[in-house]
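[1] I'll drop the sequence and a predicted model, then ask my questions.
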Amino acid sequence: MPRQPFALTLRMWGFAAARLLAALTVGFVVGLAADRVFLGLFVTLLLYVGWQLLNLFRLDHWLRHRSLMDPPMLGGIWDDVVTQVVRIHRRKRYHKQRLATVLRELRDSTAALPDGVVVLNAHGEIAWFNRMAAPMLGLRGRRDIGIRIDNLIRQPEFVRYLAAAEFSVPMLLQTGATQETWLSLHVLPYGEGQRMLLVRDVTRAIRLETMRKDFVANASHELRSPLTVITGYLETLATDPGLDPALAPPLAEMRRQADRMAAIIGDLLVLSRLEAKDSQVDGESVDVVAMLALLRKEVLARPQHPAQVTLTIDTQDRLMGDEVEIHSAFANLVDNAAKYTPVEGSVAMRWSRDDDGVHFSVADTGPGIPADAIPRLTERFYRVDAGRSRATGGSGLGLAIVKHVLQRHGATLEIASTEGRGSTFVCHFPPRRVVAANGHS
Ligand code: ADP
């Protein structure tokens, strides 16, 4: 609002004071003429106060019925007051309209979102939701406002997710009459205890993902039988006494490649099976110490292996998990260490326990892994050195399997490596996975 210059205000009030003074002078002169000075002054003041009261009354009347009436013409200082009131009112109306427009635009744009949005207050009650959220979550207009969200979405996994207060990743929820719809629910905390629930229909993505998994599983399965036949014939041919010696090397190479193919198919099937299962495994108590001792023996039984393969057992604690999966993960890590470490090198395995849980580590003195490759190691078919991996018969799927198995056990994989010095792979299992040697977990 443009401020009135001080000089103008001063002039106006000066004019008002001059007017009062003039009126009093007239009253004084008339009073003097009639020899009634005080009466003259008194009547003048009375008229002045009466005039001001009348103006005040008109101003009050206009303020009360402002929307229906034009501003009154009161003259003098009163006109200025009226102008100020009109200005303040206009400014307020402008801001109100602007705020209403912004709010409407915000509401319309949120309502038009293809995703569902539900605003929850600090008690988990629904404060507002957009149009899309209603059909997705089965909310019923205004009636569900103020109702706790976990009274409306009662699936235990959602109730657990909401209570856990760990919202870094969205959760998946299966809904619909025939459980045909997949929703991704993501809680975003904001303000003081408020939360926003974002709901997205991911049925299509899940279906595509399922198709992809099924395809890989089926293709691997279908490839296995013909490959078994080929391997069988290759074996028979290789042992045929009448075989032309010139054919021996290519036949041996064909067998090596067939074995590699069989390893890849085997690993793909393992991965498919892991993906088809529930996200977390309960399992049974696994005797890791015995398993590791056997793995060490297997490495030492290889025709070529690092000179030193040690196993340090710091705890007799067992692990709560799936024995086959755990074996597959640990065997992959030990196999890699043995594969990539030269015969003069060493591999050190260790099974230990601390406050964070139990840990399996494999350290080798192999070629190491470049730092930028480490985050990508668990990707399927990722190889730091494709030539070397192929030469060692690697499928490029081993660490992907390890990652999957660990995920299903709530464990994490830590990889540390220095190029030219060696690598260390550590599996960290949380305390809830520990079965203490004395029988208590
Ligand atoms: P592969 O079957 O090729 O070994 P993995 O998934 O087990 O596949 O490993 C992925 C890649 O990680 C390997 O190709 C190799 O380059 C690298 N790698 C894994 N373990 C080691 C190790 N102990 N030392 C050096 N490189 C390793």
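    Done, it's in.
[2] where does the stretch 201-350 of the chain have low pLDDT?
    Scanning the stretch 201-350 of the chain for pLDDT under 70 picks out the ranges 278.
[3] So which bits of it are right by the ligand?
    Contacts of the stretch 201-350 of the chain with the ligand, taken as Cβ under 6 Å from any ligand atom, map to 332, 336-337, 340. Using the backbone N, CA and C atoms, a C-beta is placed for each residue, glycine as well.
[4] Tell me which two of those sit farthest apart.
    332 and 340 (12.2 Å; Cβ to Cβ).
[5] ranking the residues of the stretch 201-350 of the chain next to the ligand by neighbours, who comes first?
    Highest neighbour count within those: residue 337, with 26 neighbours (other Cβ atoms under 10 Å).
[6] follow-up on the earlier one: Throw the residues of the stretch 201-350 of the chain next to the ligand into CSV and include secondary structure and distance to residue 73, thanks.
    CSV is the format used below for those (DSSP: H, G, I helix; E, B strand; the rest coil; distance: Cβ to Cβ, whole Å):
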residue, secondary structure, distance to residue 73
332, helix, 94
336, helix, 95
337, helix, 97
340, helix, 97
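[7] doesn't residue 349 fall inside a strand?
    Yes - according to DSSP: H, G, I helix; E, B strand; the rest coil, residue 349 belongs to a strand.
[8] nearest spatial neighbour of it, skipping sequence neighbours?
    Leaving out its chain neighbours, the residue that sits closest to residue 349 by Cβ to Cβ, 6 or more residues apart in numbering is residue 311, at 4.7 Å.
[9] What strand or helix carries the one you found?
    Applying DSSP states H and E as the criterion places residue 311 in strand 308-313.
[10] Now the element after that strand, going C-ward?
    strand 318-321.
[11] helices or strands next to that next one in the packing?
    With contacts defined as 3 or more Cβ pairs under 8 Å, 6 or more residues apart in numbering; DSSP states H and E, the packing partners of strand 318-321 are strand 284-286, helix 288-300, strand 434-435.
[12] For residue 141, give its distance to residue 176.
    Here the criterion is Cβ to Cβ, to the nearest Å. By it, residue 141 lies 20 Å from residue 176.
[13] More neighbours: the two, which one.
    residue 176 (11 against 8).
[14] From the ligand, how far off is that one?
    From residue 176 across to the ligand, the span is 38 Å (Cβ to the nearest ligand atom, to the nearest Å).
[15] now residue 50
    As judged by Cβ to the nearest ligand atom, residue 50 and the ligand stand 100 Å apart.
[16] Check that residue and give its pLDDT.
    Predicted confidence (pLDDT) for residue 50: 93.
[17] before we move on, what about the one 4 residues further on?
    Here the pLDDT value assigned to residue 54 is 91.
[18] Count the neighbours of it for me.
    11.
[19] and the next element down the chain from the helix or strand containing it?
    Assigned by DSSP H and E, residue 54 belongs to helix 37-64. As assigned by DSSP H and E, the chain's next helix or strand after helix 37-64 is helix 77-111.
[20] Quick one: the helices in the stretch 251-400 of the chain, in order.
    Listed in chain order, the helices of the stretch 251-400 of the chain (DSSP state H, counting those that start in this stretch) span 288-300, 323-340, 386-391, 398-408.
[21] Any chance of the ones you listed in CSV with distance to residue 135 as columns?
    As requested, these are exported to CSV (distance: least, Cβ to Cβ, whole Å):
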stretch, distance to residue 135
helix 288-300, 50
helix 323-340, 40
helix 386-391, 49
helix 398-408, 33
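[22] quick one on the thing from earlier: which other helices and strands does the strand holding residue 311 contact?
    Contacts defined by 3+ Cβ pairs under 8 Å, 6+ apart place strand 308-313 against helix 288-300, strand 346-354.
[23] From the rest of the structure, what touches it?
    Strand 308-313 has contacts (Cβ atoms under 8 Å, 6 or more residues apart in numbering) with 289, 292-293, 296, 299-300, 338, 345-352.
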